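In: What would the 3D arrangement of this be:
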Amino acid sequence: MKIGLIGCGRMGSALIGGIAKSDITTPADITVYDLNADSVTTLVQDSGVSAASNNLDLTCKSQTILLAVKPQYIGEVLREIAPAITKDHLLISIAAGVTMEKMETACPAGTRIIRAMPNTPALIGLGATGIAPGSHATEQDIKTARELLESVGIVSVTQEPQLDAVTGLSGSGPAYVYTFIESLSLQAQKEGLALDEAIKLATQTVIGAARMVEQTDMTPRELVEQVTSPGGTTLAGLDALTEHGFEKSIAAGVHAASERSREIARES
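Out: The predicted model follows:
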């Protein structure tokens, strides 16, 4: 598989780094390009991939192209590479808020496109990505996109309208978790723990709890009930969280981020 990457920022580089280490293809079959020559040089040195001289050169050398440029530049890039796009190309875009319709309009008729919404833990191989096929994408295209993005985490296949919810959940979700860890740690410090110890304990608590959801057959609600005893400390803590609107705050955050994603799509 000949793979190209346009945009060698942190996310694009993370995706190519994961793909290069997988069995999907070899680094020799991966070509990258970015206007920032230093970013290209770093990725070439770190992953053993090849550099293209420009976006058109990359398109001619690739079958599957990852578009990892900022959303405001995606239209310009697509118009630039459109003359070189053939029926054999698959485009996978991670540009947030840029709709399939806008991308397909900028490309030759029938261009196969997949939209993807990865999150920042992909940088350490623990990403959660939602993907959605365009109107011309095939089942094989979905399979290809899934395989590539699973090199840096898990993938959920959905439809384009649901990508806004993916953005509100897993796209923005890491920031919610970081805030949760920070809040746990700062209050534990006030209760008498050293801050560095509190952060370490809070972080492991979140990791362990997440692994319990992942590795048992129990739902999150069942796991809550498992650790909650009548009159115990956990119940006291949960009651306080509910009283102060914990669940409603989380729901509001996911909704606000999802709605903002919809707004960005309408504005772009």
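
In: On the three-state scheme, residue 78 is what?
Out: Three-state call for residue 78 (DSSP: H, G, I helix; E, B strand; the rest coil): helix.

In: That should have said residue 156, apologies.
Out: Applying three-state DSSP: residue 156 is strand.

In: Number of residues surrounding it?
Out: 16 (other C-beta atoms under 10 Å). To be clear about C-beta, it is placed using only N, CA and C from the backbone, and glycine gets the same treatment.

In: what bridges to the spatially closest residue to it that is not a sequence neighbour?
Out: Closest residue to residue 156 apart from its sequence neighbours, by C-beta to C-beta, 6 or more residues apart in numbering: residue 130 at 5.0 Å. Taking DSSP bridges as the rule, residue 130 bridges to residue 117, residue 156.

In: residues touching residue 130, list them.
Out: 116-117, 155-158, 162-163, 166, 170 (C-beta atoms under 8 Å, 6 or more residues apart in numbering).

In: quick one, phi psi at residue 50?
Out: phi -110, psi 150 (degrees, to the nearest 10).

In: Ok, residue 126 next?
Out: According to degrees, to the nearest 10, residue 126 has phi -120, psi 40.

In: What confidence value was assigned to it?
Out: We have a pLDDT of 96 for residue 126.

In: neighbours around it, how many?
Out: Neighbours of residue 126 (other C-beta under 10 Å): 13.

In: show me the contacts for the closest residue to it other than its chain neighbours.
Out: Using C-beta to C-beta, 6+ apart and skipping residues adjacent in sequence, the residue nearest residue 126 is residue 153, 5.4 Å away. Contact analysis of residue 153 by C-beta under 8 Å, 6+ apart lists 118, 121-122, 125-129.

In: try residue 47
Out: 13, 16-17, 20-21, 27, 30.

In: now swap in residue 252 and tell me
Out: No contacts exist for residue 252 under C-beta under 8 Å, 6+ apart.
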